[in-house]
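Undergrad: need coordinates for the following:
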Amino acid sequence: MSETRPHTDISLTGWTGRLPEPWRSYALLARLDRPVGTWLLFLPGVWGLFLAPDAPLGLRIVYTALFAFGSLVMRSAGCVVNDIWDRDIDAKVARTAGRPLASGALSLKQGLKLLAFLLLCGLGVLVCLPRTCWLLAPFALLLVALYPAAKRVTWWPQLVMGFTFGFGAPMGYAAAGGGLDGNGALLYGAVILWQLGFDTIYGFQDMEDDARIGVRSTSRLMEKRAQPFIATCYSLMLLALGLVAIHAHLHLGFWLFFLIAGSLLLQQARTLNPYDAPNCLRQFKQNVPIGFLLALAFICGRL
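TA: Residues are numbered from 1 along each chain as shown. Below is the predicted model:
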């Protein structure tokens, strides 16, 4: 007789599932089994790299490669920080109870060692970027450190996540453009709205457990207004992206991919069911190809 598994987003079907211990647990703690978060951190950086004016194409490509590796290690570092903060809470939530620190597969000391290694790798990427990015990096690290505490003090942890995960956009803009201006700041605002929307969808999976243990979330706050809230987030995000494209005088190629991505986002809001956890996870993951479409929009708009 097959065993019914609780709803979880941990994946053991790929290469991570074939690793011996403790390497499998290290890979799971770093979320290497689930690259979705890495893509969602990396892609806004690409938007910023190609929105910024004047940078040579070759430089944009080099920085894109650096951002790809940096996104991998910093997303993993953020997950380790999150799991260190939340190891007691995670143990009480069905979706997260199997995480290595919550389940006891790894100790806190082992988690801290992995975090130190990842931050060292991130520092290696940072020193290859312009000094403007060095000035921004401490703010990014502060957000990574404080984000896990947000659910304990506010109903808007998904908004804090948007500020945190969206930081790749101003970093990319500053790297390619030599600094930040109003258009770079508006891009950051658009990314925050996008990530507020899709992370609220992600959080709908945990509403029952969150309510039981007293954890606050934007998902719980907007449970009865899920569709209009997500539609508002996505609509304002698309408006902001349209404005930055106009201000940057992006070419016509931007608008083709932008319209396709926009229609997919609004369709996602229209069909959202906050009580269907597996579908919420699928819709959350759909933001990766949508992010790719928008990356293509910025690339084609700049070339």
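
Undergrad: am I right that Ile299 is in contact with Phe50?
TA: Yes. Judged on CB atoms under 8 Å, Ile299 makes contact with Phe50 at a distance of 5.1 Å. Every residue, glycine included, has its C-beta placed from N, CA and C.

Undergrad: comparing those two, which residue is more hemmed in?
TA: Phe50 (26 against 21; other CB atoms under 10 Å).

Undergrad: just say helix, strand or coil for that one.
TA: helix (DSSP: H, G, I helix; E, B strand; the rest coil).

Undergrad: residues in contact with it?
TA: 60, 176, 295, 298-299, 301-302 (CB atoms under 8 Å, 6 or more residues apart in numbering).

Undergrad: following the helix ranked longest in the chain, which helix or strand comes up?
TA: Secondary structure of the chain per DSSP state H: the longest helix is helix 57-90. Beyond helix 57-90 in the direction of the C-terminus, DSSP states H and E gives the next helix or strand as helix 100-103.

Undergrad: any idea how far that following helix is from the chain center?
TA: 22 Å (CA atoms, centre = their mean, to the nearest Å).

Undergrad: on that earlier part again, just the contacts of Phe50: which are in helices?
TA: Among those, DSSP H puts 60, 176, 295, 298-299, 301-302 in helices.

Undergrad: got a winner among the residues you listed for most neighbours?
TA: Ranked by the number of neighbours (other CB under 10 Å), these place Phe298 first, at 29 neighbours.

Undergrad: wait, that one touches Val46, no?
TA: Yes. Contact criterion CB under 8 Å: Phe298 and Val46 qualify, at 6.9 Å.

Undergrad: and Ala94, how many neighbours?
TA: Neighbours of Ala94 using other CB under 10 Å come to 15.

Undergrad: what separates it from Ala102, distance-wise?
TA: 11 Å (CB to CB, to the nearest Å).

Undergrad: which one of the contacts of Phe50 sits closest to Met222?
TA: Closest approach between the contacts of Phe50 and Met222, by CB to CB: Ala295, at 27.9 Å.

Undergrad: if I read this right, that closest one contacts Gly45, doesn't it?
TA: No. At 9.3 Å, Ala295 does not count as touching Gly45 under the criterion of CB under 8 Å.

Undergrad: ok, back up a step: the longest helix of the chain: how far from the chain's middle?
TA: Distance of helix 57-90 from its chain centroid, counting by CA atoms, centre = their mean, is 9 Å.

Undergrad: mind giving me the packing neighbours of that helix?
TA: helix 23-29, helix 36-51, helix 100-103, helix 108-126, helix 131-146, helix 168-177 (3 or more CB pairs under 8 Å, 6 or more residues apart in numbering; DSSP states H and E).

Undergrad: would TSV of the contacts of Phe50 with distance to Asp209 and pLDDT be doable?
TA: Listed next are the contacts of Phe50 as TSV, based on distance: CB to CB, whole Å; pLDDT from 0 to 100:
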residue	distance to Asp209	pLDDT
Arg60	43	94
Ala176	42	93
Ala295	34	97
Phe298	38	97
Ile299	40	96
Gly301	42	94
Arg302	44	89
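
Undergrad: and those residues, which is closest to Pro22?
TA: Ala295 (35.3 Å).

Undergrad: in space, what's closest to that closest one - neighbours in sequence excluded?
TA: In this structure, Ala295 finds its nearest non-sequential neighbour in Val46, 4.5 Å apart by CB to CB, 6 or more residues apart in numbering.

Undergrad: quick one: contacts for Phe292?
TA: 39, 43.

Undergrad: for it, helix, strand, or coil?
TA: helix.

Undergrad: pLDDT below threshold where in the stretch 51-200 of the chain?
TA: Within the stretch 51-200 of the chain, no stretch has pLDDT under 70.

Undergrad: is Leu265 within a helix or a strand, and which one?
TA: Counting by DSSP H and E, Leu265 is found in helix 253-270.

Undergrad: output the contacting helices and strands for that helix.
TA: Using 3+ CB pairs under 8 Å, 6+ apart as the test, helix 253-270 ends up in contact with helix 182-203, helix 226-247, helix 287-302.
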